[in-house]
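Colleague: Coordinates for the following, if possible.
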Amino acid sequence: MQIIMFKKYLLNVLLALFGLFAGGQVHAAWCDPYGILIGDRSMAVTSNGSTDISDMLSLSNSYSYTQSSNFSNYTLQCWSGSTTLYYRNGINGGYTVKFTNGDLDTYIKFTASLSKSSQTFTGFVNTTIAASTFDADMTLNAEVVNGTTYDATTSGSSIELPVLYLVTSSGNSTYATASALRNVVSTSAQAASASFSYVKAFASMTVNFLPTTTTCVIENLAFSLPNTTVFALKSGDYSDSQFTIPVSCSGSVNSLATKTFNLRAYSNDLVDTGNYIIRNPSSTSSGIGFQLFNSAADPIKMSSTFDSSATSLASMTKSSSLVSSLTGIDIGARYKIYDSSNLSAGSVVGTMVIYMEYE
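Modeller: This is a model prediction of the structure:
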């Protein structure tokens, strides 16, 4: 008798389940996200960290990398049969960000691709789908572009990009464009408390971009002039020497300088009123110094301190090519009489300092 009652009870349960799925109480299958850590249903949100792309865009105009959506703290709880969810690209068509945190405004256009477009999930009574099953790969491409139009701007170094939305069939038609999806949620913080009726999961990719200021390193260089005679100098026969001062510049965006600057020269050893002739007290000669000249043989005017009136030895304009524009300064030196009434032979010693003047 007990066995018969058990069979009858089991039959009632099966009939009840049949009525649940076929008899009219629930007509459609569905899947809801479930937060493992919070113990409740909630929109699934990515657990990814940020990626710094500053160095990658220093000498190149583009960079790409791939991350998983990483919904590791969530599952899908599926009921009543099969349902299809759709993977939507939140920056489809491109998403340009204006970064104002460097020496110049930088416009970076972000595009993305997803490894999945849709996926069908099947559940009967509260079937648990692990994150590894509904995760997808996201590939983000960052490209430095010219222009003045943008979708977002930041004065900081970080931007969160809304890349992946996992939506229902109704959500797929209701939010037909990427901008419509972004109006629902655009950050992980918003997604954590948003309705999951249409959007089941949201994954962003956070990038850091802080370009390095253009700077140049100028190597110290000692040079010697050939020996000559006072008679030769009085006759106008100038012995000279030509050389190149190596310059190494770094700090760029897409190989372009972030600042406009000039390389100028000053000396504490100037002995003439025109600021052309150098000689310091350790020299043993009299009335003679040396003069620097550029590649065109024009004399280089210096200053006794940091002064923009000094001759520019080299310059670079913001957004010009940093790689090919400046690798060295061609310069020359020659003996020069500055006091013809007091001439005597000996050594001529002097020092010049090259400095970088930013505009």
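Colleague: Please report the distance of the residue most central in space within the chain from residue 142.
Modeller: By CA atoms, centre = their mean, the chain has its centre lying nearest to residue 54, at 2.9 Å. Applying CB to CB, to the nearest Å, the value for residue 54 to residue 142 is 11 Å. Just so you know, the C-beta spots here come from the backbone N, C-alpha and C atoms, and that holds for glycine as well.
Colleague: repeat for residue 340
Modeller: Counting by CB to CB - residue 340 and residue 142 are separated by 65 Å.
Colleague: Of those two, which one has the most company?
Modeller: Neighbours were counted for residue 340 and for residue 142 using other CB atoms under 10 Å; residue 142 has more, 24 against 10.
Colleague: Report the contact partners of that one.
Modeller: 53, 56, 57, 62, 63, 64, 108, 109, 110, 207 (CB atoms under 8 Å, 6 or more residues apart in numbering).
Colleague: let's go with 10 Å and repeat that
Modeller: Counting by CB atoms under 10 Å, 6 or more residues apart in numbering, residue 142 touches 51, 53, 56-57, 60-65, 97, 108-111, 161, 205, 207, 209.
Colleague: Tell me, how many residues neighbour residue 275?
Modeller: 21.
Colleague: residues in contact with it?
Modeller: By CB under 10 Å, 6+ apart, the neighbours of residue 275 are 265-267, 299-304, 307, 309-311.
Colleague: Looking at these, state which has the most neighbours.
Modeller: Greatest neighbour count in the contacts of residue 275, by other CB under 10 Å, goes to residue 302: 27 neighbours.
Colleague: which residues touch that one?
Modeller: 264-267, 269-270, 274-278, 291-292, 309-311, 313, 352-354.
Colleague: same thing with residue 45?
Modeller: 33, 35, 69-71, 73-74, 185, 187-192, 194, 201-204.
Colleague: And the pLDDT at residue 292?
Modeller: Residue 292 carries a pLDDT value of 92.
Colleague: looking at this, residue 173 is in a strand?
Modeller: No: applying DSSP: H, G, I helix; E, B strand; the rest coil, one finds residue 173 to be helix, outside a strand.
Colleague: Would you agree it is in contact with residue 167?
Modeller: Yes: contact criterion CB atoms under 10 Å: residue 173 and residue 167 qualify, at 9.3 Å.
Colleague: what's the overlap in contacts for the two?
Modeller: 86, 198.
Colleague: so where is this protein shaky, pLDDT-wise?
Modeller: Counting by pLDDT under 70, the chain shows low-confidence ranges at 1-28, 324-325.
Colleague: Just the strands from the stretch 101-250 of the chain, written as ranges.
Modeller: Applying DSSP state E, counting those that start in this stretch to the stretch 101-250 of the chain gives strands spanning 106-114, 118-123, 127-129, 137-145, 152-154, 158-167, 199-208, 215-218, 240-250.
Colleague: Just put those strands in a markdown table and tack on distance to residue 78.
Modeller: Listed next are those as a markdown table, based on distance: least, CB to CB, whole Å:
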| stretch | distance to residue 78 |
| --- | --- |
| strand 106-114 | 21 |
| strand 118-123 | 3 |
| strand 127-129 | 5 |
| strand 137-145 | 22 |
| strand 152-154 | 35 |
| strand 158-167 | 13 |
| strand 199-208 | 11 |
| strand 215-218 | 57 |
| strand 240-250 | 54 |
